[in-house]
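Visitor: Turn this into a model:
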Amino acid sequence: MTNLALLTVGVAFLAWGALNVAFPGNETVRNFVGPSEWQRDPDRAARKQRRYTKYVGYGFVLFGVCLVYVGA
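Guide: Take a look at the predicted model:
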């Protein structure tokens, strides 16, 4: 039996996660890099922030896939 609520939430998580993976500089995720690192080396901090944003995106994609699988 299909659970429409789980499918809808799963697709929403998939979309949000895919957005963060595709565009990691879109600033939709909280700042993971400390202020001192931004002052010390802004380029390295920006690369680290984009990398962490992608990791969060992959996590949400995986969670969304799980919800869609359970809801289907």
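
Visitor: what residue lies at the spatial centre of the protein?
Guide: Relative to the mean C-alpha position of the chain, the nearest C-alpha, by CA atoms, centre = their mean, is the one of G57, at 2.2 Å.

Visitor: Okay, and that one sits in which element?
Guide: For G57, the enclosing helix or strand under DSSP states H and E is helix 42-71.

Visitor: just checking, W16 touches Y58?
Guide: No - counting by CB atoms under 8 Å, W16 does not reach Y58; the two are 11.8 Å apart. In this view, the C-beta of every residue, glycine as well, is placed from N, C-alpha and C.

Visitor: Who has more neighbours out of those two?
Guide: When neighbours are counted by other CB atoms under 10 Å, W16 and Y58 differ, and W16 comes out ahead with 18 against 14.

Visitor: Can you pull out the low-pLDDT segments for the protein?
Guide: Where the chain drops to pLDDT under 70, the residues are 1.
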